[in-house]
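Undergrad: Let's see this in three dimensions:
(2 chains)
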There are 2 protein chains.
Amino acid sequence: MTADETRPGEGVEKPQPEYVEHITKKSDDFSQWYTDVVRKAELADYTPVRGCMVIRPYGFALWENIRDALDGMIKATGHSNMYFPLLIPESLFLKEAEHVEGFAPEVAWVTHGGDKKLEERLAIRPTSETIIGTLYKKWIRSHRDLPVLINQWANVMRWEMRTRLFLRTAEFLWQEGHTFHATDQETIEEVDKMLECYRSLAEDWLAMPVFKGQKTEAEKFAGANYTMSIEALMSDGKALQSGTSHHLGQNFTRAYDITYADKENQRSYPYGTSWGLSTRVIGGLIMCHGDEAGLIMPPRVAPIQVVIIPIYRGDEQKAIVDAAVAQLKAGLGGLRVHVDDRDEKPGYKYNDWELRGVPLRVEIGPRDIEAGQAVVVDRIDREKTPVPIGELPARLTDMLERFHVRLFDRAVAIRESFTVEVETRADLDAAYSDGKQALAHGSWCGDGECEAEIQATTHGVTIRGIVSNEASGVCAGCGKPGKHTVYWARAY
Amino acid sequence: MTADETRPGEGVEKPQPEYVEHITKKSDDFSQWYTDVVRKAELADYTPVRGCMVIRPYGFALWENIRDALDGMIKATGHSNMYFPLLIPESLFLKEAEHVEGFAPEVAWVTHGGDKKLEERLAIRPTSETIIGTLYKKWIRSHRDLPVLINQWANVMRWEMRTRLFLRTAEFLWQEGHTFHATDQETIEEVDKMLECYRSLAEDWLAMPVFKGQKTEAEKFAGANYTMSIEALMSDGKALQSGTSHHLGQNFTRAYDITYADKENQRSYPYGTSWGLSTRVIGGLIMCHGDEAGLIMPPRVAPIQVVIIPIYRGDEQKAIVDAAVAQLKAGLGGLRVHVDDRDEKPGYKYNDWELRGVPLRVEIGPRDIEAGQAVVVDRIDREKTPVPIGELPARLTDMLERFHVRLFDRAVAIRESFTVEVETRADLDAAYSDGKQALAHGSWCGDGECEAEIQATTHGVTIRGIVSNEASGVCAGCGKPGKHTVYWARAY
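TA: From the prediction side, this is the model:
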């Protein structure tokens, strides 16, 4: 029974070339590698609709897991889901001046319903502050109606000329939270609370380390007093803004004339926040964790956590292996397990599931069954661990938990490898010379002109976040007194 | 402690008039009653956006429960979720002739992105067959790629002049399933399988009895060979189409030139189905179950299954009652329970939760605590049942299960009260004379002109479904030989 058993790929530590050559090498062309991985792992693809992608079953299952994790946090912090109209009449859209200026160039306009020209054109929502403000004007009357803590999961549209799957598409899926409060202090706390949910999603679920920071005036949300974000560093050294939380103050409540009777029965404007996280984070986890073989899925959101590959030759072996696999799978009820019973060679399957980033692969053949074990192969380093079959449920659960930690630590190490302290303009320029990437940590004067000048002369290095309102030295951009400590990087 | 306890509403079997008078009487004006209930129970509301509604937290929580129940069935039957673009270029939309003719008058068109006029205008999807066909043309190559079993949860837009919350809105939320198969037989089975999921959702989750039937040629989906539907009868005697499952044959695969290499390596067109169920079913369960006091929520999808009302006077009683309520709630972990601790009179709360249709209300005051019990009040008939506190977890679970059965049986009885057998035209006319409503069961000749004539002369009585392709007598419409057995009704 074991004599003619072969295990393709035995001793081969690298994936089979015939399959992986279809993916551009990550070290050659990161951008093309990214697109290849997204398309060939069947996460998403381009469509004939300019700027719009299709999210395929494997990608959507990933999004469902991310959505469910974040939705749990949103509800646990007291928010309720709602659904607001897709279309916003132009007159409502125009009420908050900064907001319009920021979003108008990106709006897709509906002008006809059936054969009829509409009296007023309708914006497909780029975000929903304006329609939500309009509706809550009639629902908020008294201090008893506050706080309002709501969220919606929806598609939004921002007209883009350039499409990058997940990262920059005209249509994307997201959640947008919107809240109204009686006091500014509550609003400030809400902004921080939801930013912390985003940090937890990124780090505790996606194994993607992030830092929290405040965006500069140039980078804040159109209509906000200030914007906080979580920023992740991709494995090519560029940053990705992965979730934002906005302090709107009374900007929108004044623009939409939302008032309430406070405890002294005086009319007051409530304070507002909004916060959003989108399918963009999927791009983040791909670029953060992926390697030459393809994706590496963070196990807590992986659509498939464990793939079982039965190995056999001939019907007699197949019957024995299938029986063992069925029994094994039945014992793994708490995990997301897939048995690959396709009529393909094991080597093909190994490469396919490595491309798709499944954290753990279990290989099981007649020789293993005779030895009462299976071989677990790890996606990060392809280490092989023989595990007694009876111990697999507990061991796989444990290995997945450790996989999360290892993936996170690996991403921290990648980020650290790009992190540089900059004290002078020479430091800053050196960090980004010759197309190099870096996450530069240093002092900044707070002047928008200095910020713009750095961006212009370094091919797009921007301040990703203000992480402290103290500075340890002079501005690394212009040499004037430092006011803030910031991170610079080129960004997606 | 019990001396000064009062239980407002004790012995009062009807809700307090001061609250319920805000809802139009159901028996006076069913249509206005419906709108009042939807708005005052805060399920949904109108918006300044023509034809578009806002779904409020209580309504959206209901939709989430319905969605999760159906999503579970869709996945259990082997389908995967995806996400397709919102916008469909006009040229793609135009390829299936019947489909275009059916949907073009209802399409909202995007003509501008930012300041720029688009080269080709884009339809906001009224349904996604056309974009899905376009994409699957490149993904389906071999018989190994079949069947394709996919689904999306999405917003769609069908321009409507008239808005009725949930029932008829320009934008609505739904799921749309789309499948491709190698054989027509598989397609026929798929249509039936998903129709059965819809029946199960309606009856087993929403307690709403339905019948399955085939739509006539006049009522089928634009582009389908045939359409099956589930139809429910509302408590005013009008029918509601609540979910549809379409046999598309090769209509779309030919129009979009989707072919695959079959096992003999011949190019063949796959067969297709599509099937959808929308937020419209929320309108259905309201009109099916609601009464003069408001909603009655089917317990398996109710956002709140049990509301606990603490009853007390003064701080001393409050402390005792609060402690008992906290302990009680902790023991009800498996149920969706809300404690109404608002600073309002119990009578106000009773009416409020009756309006919102919470199946079971638990009243608990010092006198109850002393007796070691609480009083459970049923939403259907307001029957009061004292239950020992220790038995509440098991008893409430049991009462909710029985509530579902009673609600279903009640709806069946309502439907039966409207059902009439019609053998002649005189029977049919009598059933609908003087604005009466009926669910008329009888034979039909199968002729579209007869169908149209009945509709024209009876103020909108239509064939809701062909339930058999045999007939027991002559056509109740025209007297010619009967071919099918059908249900007639006026419909939403």
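Undergrad: State the helix or strand in which the most centrally placed residue in chain A lies.
TA: What sits nearest the mean C-alpha location of chain A, by Cα atoms, centre = their mean, is residue A:281, with 1.2 Å. Residue A:281 belongs to helix A:280-289 when assigned by DSSP states H and E.
Undergrad: Please apply the same query to residue A:244.
TA: Assessed by DSSP H and E, residue A:244 sits inside strand A:239-249.
Undergrad: again with residue A:334
TA: Using DSSP H and E, no helix or strand contains residue A:334.
Undergrad: May I have the phi/psi pair for the closest residue to it other than its chain neighbours?
TA: With sequence-adjacent residues excluded and distances taken as Cβ to Cβ, 6 or more residues apart in numbering or on different chains, residue A:334 is closest to residue A:397, at 7.0 Å. For the C-beta atoms, the positions are set from N, CA and C on the backbone; glycine is no exception. Note on residue A:397: backbone dihedrals following degrees, to the nearest 10 are phi -60, psi -50.
Undergrad: what about residue A:397, how many neighbours?
TA: Residues near residue A:397, counting by other Cβ atoms under 10 Å in any protein chain shown, number 16.
Undergrad: Following element in sequence after the strand holding residue A:244, please.
TA: helix A:251-255.
Undergrad: what's that following helix packed up against?
TA: Applying 3 or more Cβ pairs under 8 Å, 6 or more residues apart in numbering or on different chains; DSSP states H and E, one finds that helix A:251-255 makes contact with helix A:97-103, helix A:129-139, strand A:271-278.
Undergrad: just these: most buried one?
TA: Among those, the stretch with the highest mean neighbour count (mean count of other Cβ atoms under 10 Å in any protein chain shown) is strand A:271-278, at a mean of 25.
Undergrad: What's the mean pLDDT across that one?
TA: What strand A:271-278 shows for mean pLDDT is 98.
Undergrad: Each with direction, which strands does that strand pair with?
TA: Strand A:271-278 has its sheet partners listed here by DSSP bridges as strand A:171-181 (antiparallel), strand A:239-249 (antiparallel).
Undergrad: Mean neighbour count, the ones you listed: which tops it?
TA: Note that of the strands paired with strand A:271-278, strand A:239-249 is the most buried (mean count of other Cβ under 10 Å), with a mean of 25.
Undergrad: Return the distance of it from the chain's centre.
TA: 13 Å (Cα atoms, centre = their mean, to the nearest Å).
Undergrad: how big is the angle separating it from helix A:280-289?
TA: Relative orientation of strand A:239-249 and helix A:280-289, computed by axes from the mean of the first three to the mean of the last three Cα atoms, to 10 degrees: 140 degrees.
Undergrad: CA atoms only: put strand A:239-249 into CSV for me.
TA: C-alpha atoms of strand A:239-249 as CSV (Å, rounded to 0.1, in the frame of the first residue of the first chain):
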residue,chain,number,x,y,z
ALA,A,239,1.9,53.3,3.2
LEU,A,240,-1.9,52.6,3.0
GLN,A,241,-4.5,54.7,4.8
SER,A,242,-6.8,51.9,6.0
GLY,A,243,-9.6,53.5,7.9
THR,A,244,-10.5,57.1,8.9
SER,A,245,-12.5,58.7,11.7
HIS,A,246,-13.6,62.3,11.4
HIS,A,247,-14.4,64.9,13.9
LEU,A,248,-17.1,67.0,12.1
GLY,A,249,-17.8,69.4,15.0
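Undergrad: can you tell me the average pLDDT over it?
TA: 98.
Undergrad: hang on, the earlier thing: between helix A:129-139 and the strand holding residue A:244, find me the angle.
TA: Using the same axes, to 10 degrees, strand A:239-249 lies at 30 degrees relative to helix A:129-139.
Undergrad: buried set for stretch A:290-306?
TA: For stretch A:290-306, the neighbour count (16 or more other Cβ atoms under 10 Å in any protein chain shown) marks A:290-291, A:293-306 as buried.
Undergrad: With adjacent residues omitted, what lies nearest to the residue of the stretch 151-300 of chain A found nearest chain B?
TA: Nearest to chain B in the stretch 151-300 of chain A, going by Cβ to the nearest Cβ, is residue A:159, at a distance of 3.9 Å. Nearest non-adjacent residue to residue A:159, counting by Cβ to Cβ, 6+ apart: residue B:113, 3.9 Å away.
Undergrad: Burial check on that neighbour, number of neighbours?
TA: 23.
Undergrad: That one against residue A:160, yeah?
TA: No - with contacts counted by Cβ atoms under 8 Å, residue B:113 stays clear of residue A:160, the gap being 9.0 Å.
Undergrad: Give the intersection of the neighbour lists for these two.
TA: Residues touching both residue B:113 and residue A:160 by Cβ atoms under 8 Å, 6 or more residues apart in numbering or on different chains: residue A:170.
Undergrad: Doesn't residue A:408 lie inside a helix?
TA: Yes - under the criterion used here (DSSP: H, G, I helix; E, B strand; the rest coil), residue A:408 sits inside a helix.
Undergrad: Name all residues that make contact with it.
TA: Residue A:408 neighbours (Cβ under 8 Å, 6+ apart): A:203, A:207, A:208, A:209.
Undergrad: rerun at 6 Å
TA: Contacts for residue A:408 were tallied using Cβ atoms under 6 Å, 6 or more residues apart in numbering or on different chains; they are residue A:207.
Undergrad: now residue A:234
TA: A:240, A:287, A:288 are the contacts of residue A:234 under Cβ under 6 Å, 6+ apart.
Undergrad: From the chain's centroid, how far away is stretch A:118-127?
TA: 28 Å.
Undergrad: got it, and stretch A:448-468?
TA: Relative to the chain's own centre, stretch A:448-468 is displaced by 23 Å; criterion: Cα atoms, centre = their mean.
Undergrad: same question, stretch A:87-107
TA: That offset, for stretch A:87-107, works out to 26 Å (Cα atoms, centre = their mean).
Undergrad: Would you agree the residue of the stretch 151-300 of chain A closest to chain B falls within a strand?
TA: No - read with three-state DSSP, residue A:159 is coil and lies in no strand.
Undergrad: So it versus residue B:115, what's the distance?
TA: 10 Å (Cβ to Cβ, to the nearest Å).
Undergrad: cool, residue A:307 as well?
TA: 49 Å.
Undergrad: Residue A:230 too?
TA: Separation of residue A:230 from residue B:115 (Cβ to Cβ): 33 Å.
Undergrad: what are the C-alpha coordinates of stretch A:392-402, in CSV please?
TA: Output in CSV follows, covering the C-alpha atoms of stretch A:392-402 (Å, rounded to 0.1, in the frame of the first residue of the first chain):
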residue,chain,number,x,y,z
LEU,A,392,-5.2,17.6,14.7
PRO,A,393,-8.2,19.5,15.9
ALA,A,394,-6.4,20.9,18.9
ARG,A,395,-3.1,21.3,17.1
LEU,A,396,-4.5,23.1,14.0
THR,A,397,-6.4,25.5,16.2
ASP,A,398,-3.3,26.2,18.1
MET,A,399,-1.2,26.6,14.9
LEU,A,400,-3.7,29.0,13.4
GLU,A,401,-3.5,31.2,16.5
ARG,A,402,0.3,31.1,16.3
